[in-house]
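K.L.:
below: sequence and its predicted model.
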Amino acid sequence: MAQDGQSQNIDALMAESRTYPPDPAFTEQANAKPGFYDQDPDEFWEREGRERLSWFTDFTTLKEWDRPYAKWYLGGKLNACYNCVDRHVENGLGDKVAYYWEGEPVDDRLTITYADLQSRVVKAANGFKSLGIGKGTKVAVYLGMIPEAPVTLLALARLGAPFTFVFGGFSATALGSRMQEMECEYLITQDAANRRGKPGALKPTADEAMDMAPTVKTCVTVNRTGTEVEMKDGRDHWWSDVVDGQDDDPKSCPCEPMDSEDLFFLMFSSGTTGKPKGILHTTAGYLAGTSTTHHYVFDIKPDTVYWCAADIGWITGHSYIVFGPLVNATTSVMYEGTPDFPDKSRWWEIIERYKVNVLYTAPTTIRTHMKWGTEALQKHDLSSLKVLGSVGEPINPEAWIWYRDNVGGGKCPVVDTWWQTENGMILVTPLPGLTTLKPGSATHPFIGVKAAVYDEAGKEIPAGEGAGYMVIKEPWPAMFRGLLNDDERFKQTYWSQFSDAYLAGDGARVDGDGDFWMMGRIDDVMNVSGHRLSTIEIESALVSHPDVAQAAVVSRADATTGQAIVAYVTLKDGADGSTEKLAELREHVGKEIGPIAKPANVVFADSLPMTRSGKIMRRLLKDVAENRALGDTTTLADPSVVNEIKQRAESDK
Ligand code: PRX
């Protein structure tokens, strides 16, 4: 097992023994009642599918499982936008707030009711239709956290157009290659996004990306910041020209009936090769899985004010800012900016203003707030909070306790939710009011989720007997249905190591009580601030720089970001390892992939440690990055190399 990068965290987890039983008063009112796990999973999902979703044609079969291919709610027809918006208005919830949207500039706010949302979505759908978007048209979305982001996704869902949303922090190359891979015909973007008081350009990046993706013939741009951008005749349109004058009568643009298994969207995510994987999600199972988990895990009531502080560009945002909460007719907060703009109390102001009941965020953000201290937080009334959620990376017990004590006032259950882009929905999680919590443990698989920990040989490791590979043995509704254009990779990556289970790529152990402790990735995938990045992707970006001969990328543990990227680089003859070169390489990676992929450290080396068969020994580079004694060096072609690198790394500190 290669959990070395997080060894300190794991040591802390192993020693953790605090428990927090549920508060009986919470249990009394909780959505998940005692006996929840005793239900028959198939009956549960059948009922949730029928009661939580509205169908144009009812489904006839709950699921089909022909490993590794799953189908759910077969024979059904439905529409995601109808389920998220129209039916709520029809059911008298038009005046209920869908989003309290908070722009980054102070006092830039909007209250969007379900009726407002419907009006915006119908107009956008009519506008998109006027440009030729219809059922099956593939569309890329490259937006920040503005109201047009959920509106765009809902409008595309209304028309039955599959989309891929690319996080606004990704580069032109990343956006272009994703659009090319999916063969997108349209792109929806904005001029620039507000970022700590300054506009960060998106449209110029989109322009560069469109040059790489010739299938994109039409681009719609939201004017968010008034930044001047180039508009290409015949290709580029302003959102206001396309959308504002359209009819907002829902009958003018009916919701397209979609098959349960029709492609809903694609989300690209890093895997263990340089090429991101296009993860496919279909319609009904995804909606059922996300909305059901949202209801039980966050204990959502009709009057709950819920805030998932992720970005819509990641799966967390798709599932738990847009689709899950809207199916449940929830009132959400959506925030455009960063936690420290204009100052570090912004989040606490937002919670106080909207009386937020549920906060869902990532350990990195919690640790950042921890670093900033409690002064800002203590000035605000956070007593509305009832449930706190964590997602994206292992949460260390210290951060868990800090979150519970300082943000939750010692009274809120913390739900540490484990899942992945491929999973679509939360898979391992406590249920508030039901589960005895343990700081650092994601505790219990959700109902019907057959999670286990396997050893190398594919044998289940019994509870309390050590760590191994996290696997899932049965399908779940929001499970991905494959990888775009690469069925071989789908089978190879997830279904080949063990013949009877999905390989998650994480290490885990189950303690004597049957609770799961997630230990981070065991493959070449890194998790930096909850963002998934592949070592090979960054290495490829580095060697695409004209001065770089070779690069090896590893991660080291970092107190705030969980993991941090360390790049070892050998330069071509004639290039010098100056401080300027170092900055240039970091910028280069930022440009190739996105700022989140910039290495925290770059170490220049004369050569990299290679085995005699020519493989770079990343394990040793990781030992250097983490300041540990070097592991076995006997297979190295030239053992002196690592010592030189070690000295170089020391002198760079
Ligand atoms: O390593 C696990 C970690 O994040 C990976 C999935 O990343 P991504 O597909 O980007 O989705 C993140 C948001 C759902 C997993 O393989 N991870 C996610 N949640 C947790 C976690 N690790 C430990 N505890 C968690 N709660």
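P.N.:
Everything's here; your move.
K.L.:
from the chain's centroid, how far away is stretch 63-80?
P.N.:
Centroid displacement of stretch 63-80 relative to its chain, using Cα atoms, centre = their mean, to the nearest Å, is 23 Å.
K.L.:
do the same with stretch 323-334
P.N.:
The answer for stretch 323-334 is 17 Å, by Cα atoms, centre = their mean.
K.L.:
mind giving me the packing neighbours of the longest helix seen in the chain?
P.N.:
Looking across the chain with DSSP state H, the single longest helix is helix 114-130. Applying 3 or more Cβ pairs under 8 Å, 6 or more residues apart in numbering; DSSP states H and E, one finds that helix 114-130 makes contact with strand 97-102, helix 148-159, helix 239-243. Placement of C-beta: from N, CA and C, glycine included.
K.L.:
got those as a markdown table, with mean neighbour count and distance to the ligand columns?
P.N.:
Formatted as a markdown table, those follow (neighbours: other Cβ atoms under 10 Å; distance: least, Cβ to the nearest ligand atom, whole Å):
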| stretch | mean neighbour count | distance to the ligand |
| --- | --- | --- |
| strand 97-102 | 22 | 21 |
| helix 148-159 | 27 | 18 |
| helix 239-243 | 18 | 29 |
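K.L.:
got a markdown table for the ones you listed, with mean pLDDT and distance to Ala362 too?
P.N.:
Listed next are the helices and strands packed on helix 114-130 as a markdown table, based on pLDDT from 0 to 100; distance: least, Cβ to Cβ, whole Å:
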| stretch | mean pLDDT | distance to Ala362 |
| --- | --- | --- |
| strand 97-102 | 98 | 19 |
| helix 148-159 | 99 | 19 |
| helix 239-243 | 98 | 30 |
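K.L.:
in stretch 26-42, what counts as buried?
P.N.:
Buried positions in stretch 26-42, judged by neighbour count with 16 or more other Cβ atoms under 10 Å: 26, 30-32, 36-37, 41.
K.L.:
still on that earlier bit, just give me how far the longest helix of the chain sits from the chain centre.
P.N.:
26 Å.
K.L.:
equivalent analysis for stretch 53-71, please.
P.N.:
With Cα atoms, centre = their mean, you get 25 Å for stretch 53-71.
K.L.:
sort out which residues of it are buried, please.
P.N.:
In stretch 53-71, counting by 16+ other Cβ under 10 Å, buried: 53-55, 59, 62-63, 68, 70-71.
K.L.:
could you list the contact residues of the protein toward the ligand?
P.N.:
Proximity of the chain to the ligand (Cβ under 6 Å from any ligand atom) is limited to residues 269, 315-316, 391-394, 416-421, 442, 504-506, 518, 520-521, 527, 532.
K.L.:
just the ones in helices from those, please.
P.N.:
Those of these lying in helices (DSSP H): 315-316.
K.L.:
now the buried members of the residues of the chain next to the ligand.
P.N.:
Using 16+ other Cβ under 10 Å, the buried ones in the residues of the chain next to the ligand are 269, 315-316, 391-394, 416-421, 442, 504-506, 518, 520-521, 527, 532.
K.L.:
and the residue of the stretch 51-200 of the chain nearest the ligand?
P.N.:
With Cβ to the nearest ligand atom as the measure, Phe167 is the residue of the stretch 51-200 of the chain nearest to the ligand, at 10.4 Å.
K.L.:
what sits against that residue?
P.N.:
311, 313-314, 594 (Cβ atoms under 8 Å, 6 or more residues apart in numbering).
K.L.:
quick one: which of those residues is nearest to Thr221?
P.N.:
Gly313 (17.0 Å; Cβ to Cβ).
K.L.:
what's the local residue count around the closest one?
P.N.:
A total of 21 residues lie near Gly313 under the criterion other Cβ atoms under 10 Å.
K.L.:
about what we covered before: restricted to helices, list the buried residues of stretch 53-71.
P.N.:
Short answer: those have none in helices (DSSP H).
K.L.:
which pair in these spans the largest distance?
P.N.:
Ser54 and Pro68 (30.0 Å).
K.L.:
quick revisit: tell me which element the residue of the stretch 51-200 of the chain closest to the ligand falls in.
P.N.:
For Phe167, there is no host helix or strand (DSSP states H and E).
K.L.:
give me the pLDDT for the closest residue to the ligand within the stretch 351-500 of the chain.
P.N.:
Closest to the ligand within the stretch 351-500 of the chain is Thr421: 3.4 Å, counting by Cβ to the nearest ligand atom. pLDDT, Thr421: 97.
K.L.:
go on, Ser540?
P.N.:
Per the predicted model, pLDDT is 87 at Ser540.
K.L.:
separation between the residue nearest to it when sequence neighbours are not counted and Leu533?
P.N.:
Of all residues not flanking Ser540 in the chain, Gly274 sits nearest, at 4.2 Å (Cβ to Cβ, 6 or more residues apart in numbering). The gap separating Gly274 from Leu533 is 11 Å, by Cβ to Cβ, to the nearest Å.
K.L.:
who's more crowded, the two?
P.N.:
Higher neighbour count among Gly274 and Leu533: Leu533, with 24 against 14, using other Cβ under 10 Å.
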